[in-house]
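Colleague: okay, sequence plus prediction incoming.
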Amino acid sequence: MGRVDATQRLGGRVADAEALWYDLARWPAFVEGFEAVESVEHGWPREGGELTWRSIPAGRGRVTERVTRHEVRRGQESQVADDQLTGTQTVSLRPLEEGCEIKLVLDYRLKAGPLMAVVDLLFVRRAVRASLRRTLAEFARELAGAGRRM
């Protein structure tokens, strides 16, 4: 099983970061590879909620997220699946003395056979980590821009 994570310091409050993170209309601005929401069910982003979205053609394909834990102003844990992997994704928010911090963790298992472990170590893990980092960097820019518009 692979594990990747990324952390980003943010200006602003946890409440503002949380509002942006769960605003699906704004995902095209920061979620790498995101194209469109297919469905939102059962009170997403709360526990038990489900989200299905589609990536750009060169991306992950169809992605499903089922929320297993949600704490207001703290974060969310979801079971995720796409064409190539299944796993658990955790987003955590925490206040800092100045601003706040967001952290994404993805614990995953590739769906393909045992040789994929080598491919994972050499290529996949690095690419997924880089994607998480780019998503959080864009998220920070979007959050900073939202603060200027308010």
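Modeller: Okay, I see it. Residues are numbered from 1 along each chain as shown.

Colleague: only C-alpha atoms for contact and neighbour calcs from this point on.
Modeller: Fine.

Colleague: list the contacts of the worst-scoring helix or strand of the chain on mean pLDDT.
Modeller: Every helix and strand in the chain was compared by mean pLDDT, DSSP states H and E; the lowest is helix 116-119, with a mean of 70. Under the criterion Cα atoms under 8 Å, 6 or more residues apart in numbering, residues L110 lie in contact with helix 116-119.

Colleague: same deal with stretch 99-109?
Modeller: By Cα under 8 Å, 6+ apart, the surrounding residues in contact with stretch 99-109 are 1-14, 85-95, 132, 136.

Colleague: how close does the nearest residue in space to F34 that is not next to it in sequence get to G99?
Modeller: Spatial nearest neighbour of F34, chain neighbours left out: S55 (4.5 Å); criterion: Cα to Cα, 6 or more residues apart in numbering. Taking Cα to Cα, to the nearest Å as the criterion, S55 is separated from G99 by 31 Å.

Colleague: and these two? which has more neighbours close in?
Modeller: Set S55 next to G99 and count neighbours by other Cα atoms under 10 Å: S55 wins out with 18 against 14.

Colleague: what comes up buried for the very next helix or strand once past the least confident helix or strand of the chain?
Modeller: Sequence order places helix 125-149 as the next helix or strand after helix 116-119, per DSSP states H and E. Within helix 125-149, the residues scored as buried using 16 or more other Cα atoms under 10 Å are 125, 128-129, 131-143.

Colleague: any idea which of those the model trusts least?
Modeller: Minimum pLDDT for the buried residues of helix 125-149 is recorded at R125 (89).

Colleague: quick check, it in contact with M1.
Modeller: No. Taking contacts as Cα atoms under 8 Å, R125 lies outside contact range of M1: 10.3 Å.

Colleague: returning to that earlier point: CA atoms of the least confident helix or strand of the chain as CSV?
Modeller: Output in CSV follows, covering the C-alpha atoms of helix 116-119 (Å, rounded to 0.1, in the frame of the first residue of the first chain):
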residue,chain,number,x,y,z
MET,A,116,2.7,-2.6,-10.0
ALA,A,117,4.5,-2.4,-6.6
VAL,A,118,7.7,-1.6,-8.5
VAL,A,119,6.0,0.9,-10.8
